[in-house]
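**Q** okay, predicted coordinates and the sequence, questions at the end:
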Amino acid sequence: MAGQAKEIPRKQLFRAGPAHLKTVALRAYSGQKKQSAQDQRITSFLPMVHKIVQQVVTYLRPPLSFEDLVSAGTVGLVKAARDYDPLRQAEFKTYAYIRIKGAVLDELRGWSFVPANLNKKVQNALELSRKITEQTGSAPSDDELAQKLGITVEELYRTFENARAQHFLSIDGFADGTPVLGDLLASANTTTPDKQMEHAELIDKLTEAIQQLPERKRQIVLLYYQQHLTMKQIAEVFSITEPRVSQLHASALFNLSVKLRQWKDGR
């Protein structure tokens, strides 16, 4: 139909090479209204796509590639520019961040990373951690949880990382449609008073849960989600290895998942 924008396949975004990405993205919705403003937003925020993808490459598994995720994120940016309404949404930077990350995570969700037997391990660890937290008032240490599960700490960290890969930063699927942790820490604006209240309550609970993390895990969470450092950069800050940062990050998300699940269930 003449004048109607057509969405190009993700794979085609990279056929011409990275140097032509801006041109491809800008042409994707050439028929939309207010094209000049949209073009400017897309051009200005393309670096954010790469930054967000760089943050989530920890979850990357074959056959997905870095370019696949950048392609998905670019589509998310183009759609954000198309759909953005300054009267309804927060500032474009916040809106684009959420849409880009959502598109990247949706691409990841399209692939199954966790076999059934590993999923069972994740659920067992969640249930045991929840019980210990209810009984003692605090989350078990990694060593304690591993001992209770009858596995090594390294096996526990693999379980944490499988849980993280399974739920893609969504706080263990806390609720369908609930903003992911990065969005909660990065965004202060919502669209309606009810959502503002819900958002504020969730932020309070999340803040409380983060404060209860061991210091190193708390610092990693804040650096990763609030300062948007990559795991490699965080490793340099603490003079530890990148795999170790990944382990501590996954453990922190696991702890936060247990805490927020308790709040959701009214415990």
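**A** Cool, got the structure. Residues are numbered from 1 along each chain as shown.
**Q** how many neighbours does A81 have?
**A** A count of nearby residues for A81, using other C-beta atoms under 10 Å, gives 28. In short, each C-beta sits where N, CA and C put it, glycine included.
**Q** ok, now S65?
**A** Using other C-beta under 10 Å, S65 has 12 neighbouring residues.
**Q** the one 10 residues further on now?
**A** Neighbours of V75 under the rule other C-beta under 10 Å: 24.
**Q** how much space separates it from D85?
**A** Counting by C-beta to C-beta, to the nearest Å, the gap from V75 to D85 is 19 Å.
**Q** now R218: which helix or strand?
**A** helix 215-221 (DSSP states H and E).
**Q** can you pull out the residues in contact with the next helix or strand after that helix?
**A** Using DSSP H and E, the next helix or strand after helix 215-221 towards the C-terminus is helix 231-238. Outside helix 231-238, the residues within contact range by C-beta atoms under 8 Å, 6 or more residues apart in numbering are 58, 216, 219-220, 223-224, 229, 241-242, 244-246, 249.
**Q** export those to a markdown table and tack on neighbour count?
**A** Formatted as a markdown table, the entries for the contacts of helix 231-238 read as follows, by neighbours: other C-beta atoms under 10 Å:
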| residue | neighbour count |
| --- | --- |
| T58 | 19 |
| R216 | 15 |
| Q219 | 16 |
| I220 | 27 |
| L223 | 19 |
| Y224 | 24 |
| L229 | 19 |
| T241 | 12 |
| E242 | 15 |
| R244 | 16 |
| V245 | 25 |
| S246 | 19 |
| H249 | 23 |
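**Q** need phi/psi at T152.
**A** phi -80, psi 160 (degrees, to the nearest 10).
**Q** I figured it hits A146, correct?
**A** Yes. At 6.2 Å, T152 and A146 qualify as touching, with contact defined as C-beta atoms under 8 Å.
**Q** so for these two, which residue has more residues nearby?
**A** When T152 is set against A146 and neighbours are counted by other C-beta under 10 Å, the residue ahead is A146, at 19 against 12.
**Q** which residue is the nearest non-sequential neighbour of the more buried one?
**A** On the basis of C-beta to C-beta, 6 or more residues apart in numbering, the spatially nearest residue to A146 that is not a chain neighbour turns out to be L156, at 4.2 Å.
**Q** tell me who's in contact with that neighbour.
**A** The neighbours of L156, taking C-beta under 8 Å, 6+ apart as the test, are A125, D142, L145, A146, L149.
**Q** just checking, R261 touches R130?
**A** Yes. Taking contact to mean C-beta under 8 Å, the distance of 6.7 Å between R261 and R130 places them in contact.
**Q** could I get the full set of helices for the chain?
**A** Residue ranges of the helices in the chain, as given by DSSP state H, are 21-28, 35-56, 66-83, 92-109, 116-136, 142-149, 153-167, 181-186, 193-211, 215-221, 231-238, 242-264.
**Q** need these in a markdown table with mean pLDDT, can you?
**A** A markdown table is the format used below for those (pLDDT from 0 to 100):
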| stretch | mean pLDDT |
| --- | --- |
| helix 21-28 | 54 |
| helix 35-56 | 83 |
| helix 66-83 | 91 |
| helix 92-109 | 85 |
| helix 116-136 | 84 |
| helix 142-149 | 94 |
| helix 153-167 | 80 |
| helix 181-186 | 50 |
| helix 193-211 | 73 |
| helix 215-221 | 92 |
| helix 231-238 | 92 |
| helix 242-264 | 85 |
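**Q** go through the contacts of L156 and name the one nearest T136.
**A** When the contacts of L156 are ranked by distance to T136 (C-beta to C-beta), L145 comes first, at 11.9 Å.
**Q** neighbours of V57, how many?
**A** Under the neighbour criterion other C-beta under 10 Å, V57 is assigned a count of 14.
**Q** separation between it and L213?
**A** Taking C-beta to C-beta, one finds V57 at 23 Å from L213.
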